[in-house]
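Q: Predicted structure and sequence below. I'll ask about it afterward.
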Amino acid sequence: MAAIKAATALLPTMISQQIAKKDLSAEVLEKQKTEAEVRLRQALTRQERGVMLSPVDGVVLERLVDNEQLLPGGAELLEIGRLEELEIEAEVLSQDVVRVEEGDEVEIYGPAIGAAQGEGVRGRVTKIHPEGFTKRSSLGVDQQRVIVDVEFDDEVLDEVLRRGVRVGYRVRVRIFTDAKNNARLIPRSALFRGADGGWRVYEVVDGRARLQPVQVGLMNDEIVEIAAGLDDKSIVILAPENSLTDGAEVSPMLRNAAAVNAG
């Protein structure tokens, strides 16, 4: 009887201890849950930091980092471009770029475009860079050049992309800085400077080379406009040699109505 009374007296204490143990387990589990949630948030943060989004939709032009390595903040990893914004960086001689203005019409041609000169697609000048640079030409001459940005006309860019033109391709451009109708033209190689600094040509008159001063208008690397000094029937000597003198006999070999070679 005494044993039963003793067991009955201990029962509330045992129940209280068991309840306290359960409460402690709940606190431990709640703490473990909180710690697991913290670790989850940290893992999600690291995952977000490991995903980089491009600021534009485009294609990868260049991969600047290939292997795993520690990099400083702001390091460039990739170059990304939009083909829909494809433009041309043309190198123009400094003595020619002074005549170029933003908005000037441009012809873009060459093998990459699939068109010869005079059959190219249209564009326009969008920017003339403020700083020039020196570059050696294929003939070994150091030349001062300036970068001029050229944009394709909207209606031709899609066609250019369909032809397969991409970043880094080589094309040729002609920038139209001025225009004139019914101009009198001769090859640029027929023109040279006289002793006084004025422009001269050798005109063929009665089978002899005659030194003729001329006034020029529009000019590029290939042709020049003659504003005064020649008429429509004049025949000039193409690329005269330094040994040629005024009055020398010549035997014309016509190439076209405006240019001949001295024989």
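A: Sure, I can see it.
Q: okay, CA-based contacts and neighbour counts for the rest of this
A: Noted.
Q: Please export the C-alpha coordinates of the longest strand anywhere in the chain as CSV.
A: With secondary structure taken from DSSP state E, the chain has its longest strand at strand 121-136. Extracted C-alpha coordinates of strand 121-136, given in CSV (Å, rounded to 0.1, in the frame of the first residue of the first chain):
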residue,chain,number,x,y,z
VAL,A,121,23.9,50.7,-99.8
ARG,A,122,23.2,54.0,-98.1
GLY,A,123,24.2,55.3,-94.7
ARG,A,124,24.9,58.6,-93.0
VAL,A,125,27.6,60.1,-90.7
THR,A,126,26.5,60.1,-87.1
LYS,A,127,29.7,61.2,-85.3
ILE,A,128,33.1,62.6,-86.0
HIS,A,129,35.5,61.7,-83.2
PRO,A,130,37.4,64.6,-81.6
GLU,A,131,40.8,63.0,-81.6
GLY,A,132,43.0,61.9,-84.4
PHE,A,133,45.7,59.2,-84.5
THR,A,134,48.7,58.2,-86.6
LYS,A,135,48.6,55.0,-88.7
ARG,A,136,51.0,53.7,-91.3
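Q: So which elements touch the very next helix or strand once past that strand?
A: Counting by DSSP states H and E, the element after strand 121-136 in chain order, helix or strand, is strand 142-152. With contacts defined as 3 or more Cα pairs under 8 Å, 6 or more residues apart in numbering; DSSP states H and E, the packing partners of strand 142-152 are strand 87-93, helix 94-97, strand 121-136.
Q: If we go by neighbour counts, what in the helix or strand that strand 142-152 is followed by is buried?
A: Tracing the chain C-terminally past strand 142-152 and defining elements by DSSP H and E, one meets helix 154-162 next. Of the residues in helix 154-162, those buried by neighbour count under the rule 16 or more other Cα atoms under 10 Å are 157, 160.
Q: orientation of helix 154-162 relative to strand 121-136 in degrees?
A: Comparing the axes of helix 154-162 and strand 121-136 via axes from the mean of the first three to the mean of the last three Cα atoms, to 10 degrees yields an angle of 70 degrees.
Q: Other residues contacting helix 154-162?
A: Counting contacts by Cα atoms under 8 Å, 6 or more residues apart in numbering, the residues outside helix 154-162 that touch it are 83, 84, 113, 121, 122.
Q: swap the cut-off to 10 Å and go again
A: Around helix 154-162, the neighbours that count as contacts under Cα atoms under 10 Å, 6 or more residues apart in numbering are 83-87, 112-114, 121-123, 151-152, 163, 165-166.
Q: Tell me the one of those residues nearest residue 253?
A: Proximity of the contacts of helix 154-162 to residue 253 was ranked by Cα to Cα; the top entry is residue 114 with 34.0 Å.
Q: can you list the weak-confidence ranges in the chain?
A: Low-confidence segments of the chain, defined by pLDDT under 70, are located at 1-26, 255-263.
Q: domains of it?
A: Per the record, the chain has its domains at 83-176, 185-261, by automatic domain parsing.
Q: Over to residue 61. Which of the three states is it?
A: Here residue 61 is strand, with the state taken from DSSP: H, G, I helix; E, B strand; the rest coil.
Q: ok, residue 153 - contacts?
A: Contacts here follow Cα under 10 Å, 6+ apart; on that basis residue 153 touches 87, 105, 106, 121, 122, 123, 124.
Q: Which strand residues bridge residue 63?
A: Bridge pairing for residue 63 (DSSP bridges) gives the partners residue 78.
Q: if I look at it, how far off is residue 171?
A: Using Cα to Cα, to the nearest Å, we find residue 63 at a distance of 25 Å from residue 171.
Q: got it, and residue 226?
A: Applying Cα to Cα to residue 226 and residue 171 gives a distance of 30 Å.
Q: who has more neighbours, the two?
A: When neighbours are counted by other Cα atoms under 10 Å, residue 226 and residue 171 differ, and residue 226 comes out ahead with 19 against 16.
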